[in-house]
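Asker: Got a predicted model here, sequence first, then my questions.
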Amino acid sequence: MATSKGVLQGYTAVAAVDAKAQIIVAAQAHGSGSEQSVLLPMVQSTAALRTEQTMVTADAGYHSEQNLKHLYESNVPALIADNLMRRRDERFRGQAKYKRLPDPLWDKTATPRDGKFTPADFQYDPKANRCICPAGRTLYSTGRHCTTSGRVHHKFQGAKRDCVPCHLRDRCLRHPDRTPTRQVAFFAKNQASPLEFTERMKAAIDSARGRALYGRRIATVEPVFANLRHNKRLDRFTLRSRAKVDTQWHLYCLVHNIEKLAHHGYAR
């Protein structure tokens, strides 16, 4: 399973939880570091329990344009956070000072590109179809109508005869020892975002009502995982194969639900 901490031999488990009594209504273990592929099956498995007043909330790990589109077309009310949601929220403006320092033994942050040339350092003339690098060399066009995530851009690339002996390679290339030439792309300005459903979700989750509803997510589902991991001591799976791990996960979820029902006086 590929994760942010490298490749692990293991599984991850997800659960859908009722906000009123913290009952687990759907659960699944899977062998992917990404949770995006699990959202729609989990939502579909709760179809019999949802009503017109049900609001599905999920963290940024489940966010994708395809998932949001499917939920919208299926008329499922949902609030799915994106990775930049907290940066747009003025309530978290000073959150950086409370973050823990990165572990020096497992720091996976990208190497800073201080001093590296950016597209702004290149002379780009769209009418003449020309691009000149900081060293004064002309790059050749490799495509005028290229698209990345729906955004149109013009790509250029340097010639080997110019880039290989260039004295500015260390400032121009991130890996000058193994990258022969520089590529640069210039995106057309004032392009409408191709991520229609992502923009729609941003507007919904950034509203006062959206923030209030989404704010309940952490108090709904996180205590459930805390109970299973800390109180029930399920800090790792002890079996192999997805079917066995899924059974073990469902067993612990069942124990959690029995405990919740007992505390809420279900038998009385």
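Answerer: Yep, it's here.

Asker: make it CA atoms for all contacts and neighbour counts henceforth
Answerer: OK.

Asker: What are the boundaries of the helices in this protein?
Answerer: 36-45, 65-73, 85-88, 160-163, 169-172, 196-205, 208-214, 217-226, 242-263 (DSSP state H).

Asker: closest to Lys20 out of the ones you listed?
Answerer: Distance to Lys20, taken as Cα to Cα, is lowest for helix 217-226 among those, at 8.1 Å.

Asker: how close does Leu239 get to His250?
Answerer: Distance of Leu239 to His250, computed by Cα to Cα, to the nearest Å: 13 Å.

Asker: try Tyr140
Answerer: Tyr140 sits at a distance of 58 Å from His250 (criterion: Cα to Cα).

Asker: Can you show me the CA trace of stretch 54-66 as PDB?
Answerer: Taking Å, rounded to 0.1, in the frame of the first residue of the first chain, the C-alpha atoms of stretch 54-66 are listed here in PDB:
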ATOM      1  CA  THR A  54     -29.100  13.100   5.400                       C
ATOM      2  CA  MET A  55     -25.900  15.000   4.700                       C
ATOM      3  CA  VAL A  56     -22.700  13.000   3.800                       C
ATOM      4  CA  THR A  57     -19.500  14.600   5.000                       C
ATOM      5  CA  ALA A  58     -16.000  13.300   4.400                       C
ATOM      6  CA  ASP A  59     -12.400  14.700   4.700                       C
ATOM      7  CA  ALA A  60     -10.100  15.700   1.900                       C
ATOM      8  CA  GLY A  61      -8.800  12.100   1.400                       C
ATOM      9  CA  TYR A  62     -12.100  11.300  -0.400                       C
ATOM     10  CA  HIS A  63     -12.100  14.400  -2.600                       C
ATOM     11  CA  SER A  64     -12.000  14.100  -6.400                       C
ATOM     12  CA  GLU A  65     -13.800  15.700  -9.300                       C
ATOM     13  CA  GLN A  66     -15.300  12.300 -10.300                       C
END
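
Asker: oh, and call the first residue 262 from now on, that's how I've got it
Answerer: Happy to do that; since the first residue is 262 now, the last one works out to stretch 315-327.

Asker: Okay, buried residues for that stretch please.
Answerer: For stretch 315-327, the neighbour count (16 or more other Cα atoms under 10 Å) marks 317-319, 322-325 as buried.

Asker: What lies in contact with the strand of greatest length in the chain?
Answerer: Longest strand of the chain, by residue count under DSSP state E: strand 399-409. Residues outside strand 399-409 that contact it (Cα atoms under 8 Å, 6 or more residues apart in numbering) are 390-394, 413-420.
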